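Undergrad: Coordinates for the following, if possible.
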Amino acid sequence: MTKRTFSLAYLSSHRCSSHEAVLVASQSGYDFVGLRLWPNAPQAPQQFLIDRPKELKETLAALHDTGIGVFDLELIRITDSFNIHTWDALYEIGATLNAKAILVAGDDPNESRLTDNFAKLCEVIQTFGMTADLEFMPWTAIPNAQSALRIVKNAGTPKNAGILVDALHVGRSLTTIEDIRAIPPSLLHYGQICDAQSGTNFTTEEMIHTARCARELPGDGNIDLKGLFNALPNDLPISVEVVNLEQESRYSNLEWAQKCLQKSKPYFQ
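TA: This next block holds a predicted model:
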């Protein structure tokens, strides 16, 4: 049986600096860590490594000492004003960290232009040795798995293109298990696990609030996690992404990371 690998997602360790997240990941049983080195909105929370040589040195040392790897970096958002060079520093630091993937969100309502820009982004990211993983989210211009697959195909299926399946967005979008099975395994580089109340009757504000502040631990909601992950490759690396500002305040960073992993593992046995 293939050993499943787990990554401590940024949102599960958002209270940590980058090097602290690496140490927590190591101490709590993860194989990888995910870092948010570019905010998802101006002035939004992030971890700081770009143009911070001291912090970068500490993080590289922690990676070396623990054997933890960097899986994904967050994030690149493709909007109508997309400029490929905006994230030059992110590409470069990704190569320095030997990161495997960059998470990509799509927020351009012009799908043709979004598709063209995604193709350009894949080409650039490939030269830095990473995949470009497009995450569908129901409040964005890529609201479900079908739209993500269409964009990747229309972009010419670049060899480093990927589709990121987040359990939350499957549970709250018009995405079926059959849609997940339709994604070619070659496009699946990692998946994200959390839980929540599923359904498509939430407002945009409610969906964003849950995604950024109030996800539930696996098993505490009603998303069909077993069905979802049974539909994905059985060796797919799993990013454990559980942010719950109310619950996690009662735990240390290490305790919360341990709890998130403990609640996730039963879905992969």
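Undergrad: any idea of the mean pLDDT in the helix or strand hosting K259?
TA: Per DSSP states H and E, K259 falls inside helix 253-264. For helix 253-264, the mean pLDDT works out to 98.
Undergrad: List the buried residues in the top helix by length along the chain.
TA: Ordering each helix of the chain by length in residues (DSSP state H) puts helix 111-126 first. Using 16 or more other C-beta atoms under 10 Å as the test for burial, helix 111-126 gives L114, T115, D116, N117, F118, A119, L121, C122, I125. C-beta coordinates here come from the backbone N, C-alpha and C atoms, glycine included.
Undergrad: That helix - what's its average pLDDT?
TA: 98.
Undergrad: got it, and stretch 208-215?
TA: 97.
Undergrad: All further residue positions should be reported with the first residue as 7.
TA: Sure thing, new numbering starts at 7, so read that last one as stretch 214-221.
Undergrad: can you list contacts of stretch 249-263?
TA: 14, 17-22, 26, 30-31, 33-34, 36, 218-223, 265 (C-beta atoms under 8 Å, 6 or more residues apart in numbering).
Undergrad: same thing but at 6 Å, please
TA: L14, L17, R21, C22, V30, Q33, S34, C219, A220, R221 (C-beta atoms under 6 Å, 6 or more residues apart in numbering).
Undergrad: so how far is that stretch from its chain's centroid?
TA: How far stretch 249-263 lies from its chain's middle: 19 Å, per C-alpha atoms, centre = their mean, to the nearest Å.
Undergrad: Span of it from start to end?
TA: Using C-alpha to C-alpha, to the nearest Å, one end of stretch 249-263 lies 10 Å from the other.
Undergrad: Any buried residues in it, and which?
TA: Buried residues in stretch 249-263 (16+ other C-beta under 10 Å): V249, N250, Q253, E254, N259, L260, W262, A263.
Undergrad: Please enumerate the strands of the stretch 7-156 of the chain.
TA: 12-14, 38-42, 75-84, 107-112, 137-141 (DSSP state E, counting those that start in this stretch).
Undergrad: Now for F142: which residues touch it?
TA: I148, N150, A151, A154, H175.
Undergrad: tell me what the longest helix of the chain is packed against?
TA: Contacts defined by 3 or more C-beta pairs under 6 Å, 6 or more residues apart in numbering; DSSP states H and E place helix 117-132 against strand 137-141.
Undergrad: Can you show me the CA trace of the strand it packs on as PDB?
TA: The C-alpha atoms that make up strand 137-141 are tabulated as PDB, following Å, rounded to 0.1, in the frame of the first residue of the first chain:
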ATOM      1  CA  THR A 137       3.100  22.900 -10.900                       C
ATOM      2  CA  ALA A 138       0.300  25.500 -11.300                       C
ATOM      3  CA  ASP A 139      -2.800  24.100  -9.500                       C
ATOM      4  CA  LEU A 140      -6.100  25.700 -10.300                       C
ATOM      5  CA  GLU A 141      -8.500  25.700  -7.400                       C
END
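Undergrad: Need the residue closest to the centroid of this protein.
TA: The residue lying closest to the centre of the chain (C-alpha atoms, centre = their mean) is L109, at 5.7 Å.
Undergrad: From what I see, that one and D78 are in contact.
TA: Yes - with contact defined as C-beta atoms under 6 Å, L109 reaches D78; the gap is 5.4 Å.
Undergrad: What are the phi and psi values at L170?
TA: The phi/psi pair for L170 (degrees, to the nearest 10) reads phi -100, psi 120.
Undergrad: Pretty sure it sits against M143.
TA: No - between L170 and M143 there is no contact under C-beta under 6 Å: 9.7 Å.
Undergrad: for the stretch 107-256 of the chain, what spans make up the helices?
TA: 117-132, 151-160, 173-177, 183-187, 210-219, 231-236, 251-254 (DSSP state H, counting those that start in this stretch).
Undergrad: so which of the buried residues of stretch 249-263 comes closest to N240?
TA: Comparing the buried residues of stretch 249-263 against N240 with C-beta to C-beta places A263 closest, at 23.8 Å.
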